Structures are given as C-alpha cells and as structure tokens.
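1. got a sequence here, can you model it:
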Amino acid sequence: MNRKPFRVAVLYNECATPQSVGRGELLDTIAVRGVLDAVRGVATACEQNGWEALPLAASDDPRQILADLQRLRPDVVFNLVEELRGDARCEAGVAWLLELGGFPYTGCTPSAIALGLDKPVTRAVLRDRGVPVPQGRVLATGDESLSGMRLPVIVKPSREDASLGITAASVVRTHTAARERARYVIDRYRQPALLEEFIDGREFNVSVIGHGPTARVLSLAEIDFSGLPAHLPQIVTYDGKWLADSPECLGTEAIAGRATAPDLERAIVATALAAYRIVGLRDYGRIDLRVSAERGPFVIEVNPNPDISPDAGLARAASRSGIPYEHLIARIVESAAERAHPHSTPRSVRPRAARGDTVGDRGLLNRRDRGGAGADRRRIEPATGP
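-> Residues are numbered from 1 along each chain as shown. Next comes the predicted model:
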C-alpha cells in the first residue's frame, strides 16, 4: 500500500511596487523579488528529501490564503512571506493566520516577527535585558531634540528589513545632516526614522538555528570592507546587498569570520544567542553585530526568518558548519512538524543522523590561530524567550 507523501506548502508573497503602496524606491522591488530564489531553493530541497513541494503565492486577501491552504492540505507550511500588500508589518499577520488556521509552519511566531521588525522596540527590549545596542533616537518628524546624541550616526527606517532605505548617505556626521536624512526616510518610507550611533569596527553576521535553550550558532561570517572605495562608509547598503555590479556590492564581501581573540569570539556568540532567545526567534535567524575595539560587540539587527535561499548567508554558514542545504531545510521542516505532532516526524528519504553535526553554543567556528585585543566583558542576563 502506497503511503501518502509528506506535503510542504512553500508560502511566499508576490511583489508590490513602490508606486502601488505609495512609499520606497523603485529599486526596492529587487529585494522583494529575491524571495523567489528562496522559493525555488526550498522547493527543490523538499523534493530531495522525498517530500512533495507545493509553492503557493499568498493572496492579498487573508481569507483566500486560508482557502488555498485548506485546499492543498499540507503537513507543514514553509513560511517565506515577508510582506502583504507591500507592507512588512503584515508579515506577522500571515503567521497569525497560520496559527489560527491550525497549520504547522516554519520559522518565527507572530510576536517574534512583529518585535523583530520594530527596531526601536527590539532595541529597548534588548537593552533592558543587558544586551548591548548602540545609542539611538527615534525621529517621527525630524524636528526632535538630538541633544546628547553621539556622532557619527546611521539613519535608517524603523521598520524595514533587507537594508531598505540604507545608502552611503545614511551615515552622517552632523545633527543637521542627521535631520535631513531622517526627513528623507520619513517622507519616502512613511515611517519614523531610527538614528543609531555608528559603531566603527568589524561587522559580523551570526546565523543561528534551533529554539530557546537548543539554539546553536553556526559558523561566523564577517563583512570584508577592504574592497570598498575609501570615500564610502563601511556599511552594508541596499546596493551592497542587492545590486551585484555596484561598488558597494563589489566592495563588501561576506566571508568566513577572520582570526578573532577568544574572549571577543565568546562575547560575539553570547551576545547573538542572547538576542536570538530574548526576541524569541525560532528554527532559524540571523543576528548582525558591529564590534567596537574599545567596547566590544553591539547588536545592530535582529532578523527573524532571514533570507534562506541557497546562496544566502545563512545557508553558507550552515555549509561551513557541515550542514548541506537540503539537510538545513530538513531540520527546519522537521522542527515545525514536531511542534504539531511531537511523536512523529516527516517521512524523509534519509535518516536524521545523516543531516549534519549538532553545533554547540560556540558554533562550528573556524579553528585557526586567533589574535587581536580582547573585548569588554558584559553581563548578559540568561534568557530563553521574550
């Protein structure tokens, strides 16, 4: 008797243009369309695992999303939705739909998605729990006081991801320039602007898999700014992330973490894990940090459900940690299935033991000689959730 194949619906959002939603820049659609690479990658990996992949473009009508899923009757929904109707705030709403519809789904809960998107609130929560974040200020009009704000600062939208709204002009060195850039963000992206002290130093991307006390760090990645033209600030801009032929992209390569003092390495890992757990990330996520030579690591971004396409940073970190892409996707799908049915697992074509080594709290970091000055040691409150 043939067994019913395990079915994975790969749910994603179609692209809205800046003209249709009344905000942003025309080139912003490149990042949104990038989700299609993840859809193809996840669907292929599911098929390699012996499962049936069912790509599904999310309708703008929540009722239609539920109707489509009820028709497909998937065992797990791989949630790749990043926005709905061109609004990133609706990403959490889709996760709520899946919760209310009773569909097991991958990735973060609605509350973690909403918290991770709201950068000022995320900063406040992390700071309250002892996780270092740069000094910051939120400007709703551009006229608010900047008294006591250390310069230079980086100015960015308060509730966007994928580096939307971040250009070389985002790093400013005077209060006047900060206000001008904040007003651009407020006018163009229809939301408050977040000003943060610019931390001059190394930048790390820390990919994490798992949940709560089982969360584990993968191989560290670092941004190599050595190819960036001298007149540009050492940041990852929108062009640097999405426009392959731009000077920013050509000059900001994500590489395996370079030689790092053991104390600093431990501080980076501990800070990233604390942020991941406090915000409540689940299954997979990425924490971005900047490291001050004098003050140690600071969290600059918490990314729920980050890009998981085969050539994205998280997949590359998993590969360096001995976890092939299809095994990474298998771990994520299995985690969602086990939450819904704790005593059963997806019917994969390969045994679970073949899916990569377990990574510890220190992660599968590059084992090389490590030099440089140690970091300041901070006390971070242990946490397993928000």
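2. then the helix or strand harbouring Gly93 to PDB, C-alphas only?
-> If you go by DSSP states H and E, Gly93 is part of helix 91-101. Listed next in PDB are the C-alpha coordinates belonging to helix 91-101 (Å, rounded to 0.1, in the frame of the first residue of the first chain):
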ATOM      1  CA  GLU A  91       4.300  39.600   7.800                       C
ATOM      2  CA  ALA A  92       3.300  38.900  11.400                       C
ATOM      3  CA  GLY A  93      -0.400  38.800  10.300                       C
ATOM      4  CA  VAL A  94       0.300  35.900   7.900                       C
ATOM      5  CA  ALA A  95       1.900  33.900  10.800                       C
ATOM      6  CA  TRP A  96      -1.200  34.600  12.900                       C
ATOM      7  CA  LEU A  97      -3.400  33.300  10.000                       C
ATOM      8  CA  LEU A  98      -1.300  30.100  10.100                       C
ATOM      9  CA  GLU A  99      -1.700  29.800  13.800                       C
ATOM     10  CA  LEU A 100      -5.500  30.400  13.700                       C
ATOM     11  CA  GLY A 101      -5.900  28.000  10.800                       C
END
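3. that one packs against which elements?
-> Based on contacts counted as 3 or more CB pairs under 8 Å, 6 or more residues apart in numbering; DSSP states H and E, the elements that helix 91-101 packs against are helix 62-72, strand 76-79, helix 110-117. In this view, the C-beta of every residue, glycine as well, is placed from N, C-alpha and C.
4. now do the first one and helix 91-101, the angle between them.
-> Just to be clear, that refers to helix 62-72. 50 degrees (axes from the mean of the first three to the mean of the last three CA atoms, to 10 degrees).
5. which helices and strands does helix 62-72 pack with?
-> On a contact count with 3+ CB pairs under 8 Å, 6+ apart, helix 62-72 meets strand 7-13, strand 52-58, helix 91-101.
6. mean pLDDT and distance to Glu338 added to these, as TSV?
-> Below are those laid out as TSV (pLDDT from 0 to 100; distance: least, CB to CB, whole Å):
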stretch	mean pLDDT	distance to Glu338
strand 7-13	96	14
strand 52-58	97	19
helix 91-101	95	16
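7. so which of those gets nearest Asp245?
-> Closest to Asp245 of the helices and strands packed on helix 62-72 is strand 7-13 (CB to CB; 26.2 Å).
8. need the residues that contact that closest one.
-> 32, 35-36, 38-39, 42-43, 46, 51-58, 65, 69, 72-84, 94, 103, 105, 333 (CB atoms under 8 Å, 6 or more residues apart in numbering).
9. any stretches of the stretch 251-386 of the chain with poor pLDDT?
-> 343-386 (pLDDT under 70).
10. where do the strands sit along it?
-> Listed in chain order, the strands of the stretch 251-386 of the chain (DSSP state E, counting those that start in this stretch) span residues 253-256, 282-292, 296-304.
11. out of those, the one nearest Thr271 is which?
-> Of these, nearest to Thr271 by CB to CB is strand 296-304, at 4.9 Å.
12. for that closest one, which positions count as buried?
-> Buried residues in strand 296-304, counted by 16 or more other CB atoms under 10 Å: 296-304.
13. adding distance to Arg320, write the residues you listed out as JSON lines.
-> Formatted as JSON lines, the buried residues of strand 296-304 follow (distance: CB to CB, whole Å):
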{"residue": "Gly296", "distance to Arg320": "24"}
{"residue": "Pro297", "distance to Arg320": "20"}
{"residue": "Phe298", "distance to Arg320": "24"}
{"residue": "Val299", "distance to Arg320": "22"}
{"residue": "Ile300", "distance to Arg320": "22"}
{"residue": "Glu301", "distance to Arg320": "21"}
{"residue": "Val302", "distance to Arg320": "22"}
{"residue": "Asn303", "distance to Arg320": "18"}
{"residue": "Pro304", "distance to Arg320": "22"}
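14. and which of those is nearest Ile223?
-> Distances from Ile223 to the buried residues of strand 296-304, taken by CB to CB, are shortest for Ile300, at 11.4 Å.
15. gap between stretch 200-207 and the chain center?
-> 13 Å (CA atoms, centre = their mean, to the nearest Å).
16. contacts made by that stretch with the rest, please.
-> By CB under 8 Å, 6+ apart, stretch 200-207 touches 217-223, 225, 234-236, 254, 257, 268-269, 272, 284-293, 297, 300, 306, 313-314, 317-318.
17. which residues touch Ser335?
-> 106, 210-211, 282-283.
18. quick check, central residue of this protein?
-> Nearest residue to the geometric centre of the chain (CA atoms, centre = their mean): Asn303, 2.6 Å.
19. quickly list what that residue is bridged to.
-> Beta-bridge partners of Asn303, counted by DSSP bridges, are Arg286.
20. so how far is Cys108 from it?
-> To Cys108, Asn303 is 10 Å away according to CB to CB, to the nearest Å.
21. got the CA coordinates for stretch 185-201 in PDB?
-> C-alpha atoms of stretch 185-201 as PDB (Å, rounded to 0.1, in the frame of the first residue of the first chain):
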ATOM      1  CA  VAL A 185      13.300  58.400   5.500                       C
ATOM      2  CA  ILE A 186      10.100  59.700   7.000                       C
ATOM      3  CA  ASP A 187       8.800  61.100   3.700                       C
ATOM      4  CA  ARG A 188       9.900  58.300   1.400                       C
ATOM      5  CA  TYR A 189       9.200  55.300   3.600                       C
ATOM      6  CA  ARG A 190       6.200  56.700   5.500                       C
ATOM      7  CA  GLN A 191       7.500  55.700   9.000                       C
ATOM      8  CA  PRO A 192       9.700  57.100  11.700                       C
ATOM      9  CA  ALA A 193      13.500  57.200  11.300                       C
ATOM     10  CA  LEU A 194      15.800  55.400  13.600                       C
ATOM     11  CA  LEU A 195      19.100  57.200  14.400                       C
ATOM     12  CA  GLU A 196      21.900  55.000  15.900                       C
ATOM     13  CA  GLU A 197      25.400  55.800  16.900                       C
ATOM     14  CA  PHE A 198      27.600  54.500  14.200                       C
ATOM     15  CA  ILE A 199      29.900  51.800  15.600                       C
ATOM     16  CA  ASP A 200      33.200  52.000  13.700                       C
ATOM     17  CA  GLY A 201      34.600  48.500  13.600                       C
END
